[in-house]
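Engineer: next input, structure requested:
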Amino acid sequence: MSKAASELILNPDGSIYHCNIRPEHLADLVITVGDPDRVEKVSQYFDSIEFQTRKREIVTHTGSLNGKRITVISTGMGTDNIDIVLSELDAVANINLETGELNPIQKELQFVRLGTSGALQKEIPVDSFVLSSHGLGMDGLLHFYEDSLMVRDLDMEEAFYDHSEWDDSKPVPYVVKGSTDLLELLSSDQTSLGITATACGFYGPQGRKLRLVPSPENINDVLANFEFNGHKITNFEMETSAIYGLSKMLGHEALSLNCIVANRALGEFSKDSYKSIDKMIQYALEKLTN
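Structural biologist: Numbers count the residues shown, from 1 in each chain. You can find the predicted model right below:
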């Protein structure tokens, strides 16, 4: 069945509505970043750039490095933006935009998030890199999709729900595992590994107190003290769980690599986060293209 024009929304040039790209612009390997300015920080290392576009906070560059074609795209902050970008990129890859029909052969994409994050464990230093074995979503996004139960780690969810004495007025936490293949590819002695908690905001949802009091006030301690089958929650950010959940439901591979710019347990922040983020970019590109 073809998609109605109100569901599969296109621009006058035939590109998908928000991301502003057509199938020929999208590589099978997609690097996602939150900050629009970080797209150029990644693509500056490409051997060549074949396509560039921008719409709102979504900036896209497609090019090649060491013979590997790569698309790097900014999502902005938050899982609501991830819902837009991941859904549209899958549509570009797997739906005929002219007819609205599913393509007969479904394409598998690889999504690698290069983000920034705050560590919850004292032993994880600022300026280090953390790979996300799982995404713990506290935003509720996956509950709006019928297939979410098929991709979630229900045992870990139940353990966290009980450990945290979760407030039922908030969205039920969900857990999705990242790509094993990408994890193996990007792992080294330069990376730590753990569960990444994804919040629906930067201040209250991550336990920051300015004028308003977070609820619960001890959310960081609750997260840091959780352990399940040897897995601990290592860091806090705003995108990973949605990337993992949507990717797995759609048949794609996804992994999140975060540069730790803050240590929440120690109250520390990186003295030169831009330098550390650049090192993470170079590290990821070398792993992905060599």
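Engineer: remind me which residues of the chain are low pLDDT?
Structural biologist: For the chain, the stretches with pLDDT under 70 are 1-2.
Engineer: tell me where it has strands.
Structural biologist: Assigned by DSSP state E, the chain shows strands spanning 29-33, 48-55, 58-65, 68-74, 110-119, 129-137, 174-177, 191-198, 227-228, 231-237, 253-263, 268-269.
Engineer: residues in contact with the fourth one?
Structural biologist: By that I understand strand 68-74. 19, 25-36, 38-39, 42-43, 46, 57-64, 85, 89, 288-289 (CB atoms under 8 Å, 6 or more residues apart in numbering). All C-beta spots, glycine's among them, are computed from the backbone N, C-alpha and C.
Engineer: show me how to select, in PyMOL, the buried members of these.
Structural biologist: Applying 16 or more other CB atoms under 10 Å to those, the buried members can be selected in PyMOL as follows:
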select buried, resi 19+25+26+27+29+30+31+32+33+34+35+36+38+39+42+43+46+58+59+60+61+62+63+85+89+288+289
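Engineer: got the end-to-end distance for stretch 185-196?
Structural biologist: 18 Å (CA to CA, to the nearest Å).
Engineer: pull the distance from that stretch to the chain's centre.
Structural biologist: When distances are taken as CA atoms, centre = their mean, to the nearest Å, stretch 185-196 is centred 15 Å away from the chain's centroid.
Engineer: in that stretch, which residues are buried?
Structural biologist: 186, 191-192, 194-196.
Engineer: pretty sure Arg54 sits against Thr60.
Structural biologist: Yes - Arg54 lies in contact with Thr60 (CB atoms under 8 Å); the separation is 7.4 Å.
Engineer: which neighbours do these two have in common?
Structural biologist: In contact with both Arg54 and Thr60: Asn20, using CB under 8 Å, 6+ apart.
Engineer: circling back: mind picking the two most distant members of the buried residues of stretch 185-196?
Structural biologist: With CB to CB as the measure, no two of those lie farther apart than Leu186 and Ile195, at 16.3 Å.
Engineer: report the contact partners of the spatially most central residue of the chain.
Structural biologist: When CA atoms, centre = their mean is applied to the chain, the residue found nearest the centroid is Thr240 (3.5 Å). Counting by CB under 8 Å, 6+ apart, Thr240 touches 113, 115, 132, 135, 196, 198, 256, 258.
Engineer: you'd agree the third one is up against Thr196?
Structural biologist: Read it as Ser132. Yes - contact criterion CB under 8 Å: Ser132 and Thr196 qualify, at 3.8 Å.
Engineer: so what sits against both of the two?
Structural biologist: Counting by CB under 8 Å, 6+ apart, the shared contacts of Ser132 and Thr196 are 235, 240, 256, 258.
Engineer: which of those residues lies closest to Tyr174?
Structural biologist: Nearest to Tyr174 among these, with distances taken as CB to CB, is Thr240, at 11.9 Å.
Engineer: compute the distance between that closest one and Glu40, please.
Structural biologist: 23 Å (CB to CB, to the nearest Å).
Engineer: follow-up on the earlier one: for Ala159, find the nearest of the strands of the chain.
Structural biologist: With CB to CB, the closest approach to Ala159 among the strands of the chain belongs to strand 227-228: 4.8 Å.
Engineer: just checking the distance from the closest one to the centre of its chain.
Structural biologist: With CA atoms, centre = their mean, you get 22 Å for strand 227-228.
Engineer: elements contacting it?
Structural biologist: For strand 227-228, the packing partners by 3 or more CB pairs under 8 Å, 6 or more residues apart in numbering; DSSP states H and E come out as helix 154-164.
Engineer: correct me, but Arg264 touches Gly118?
Structural biologist: Yes - at 4.8 Å, Arg264 counts as touching Gly118 under the criterion of CB under 8 Å.
Engineer: overlap in contacts, those two.
Structural biologist: Listed as contacting both Arg264 and Gly118 by CB under 8 Å, 6+ apart are 206, 236.
Engineer: kindly tell me how buried the closest residue to His18 other than its chain neighbours is, as a neighbour count.
Structural biologist: Residue nearest to His18 in three dimensions, not counting chain neighbours: Ile84, with 5.2 Å by CB to CB, 6 or more residues apart in numbering. Using other CB atoms under 10 Å, Ile84 has 17 neighbouring residues.
Engineer: right, I'll call it a day here.
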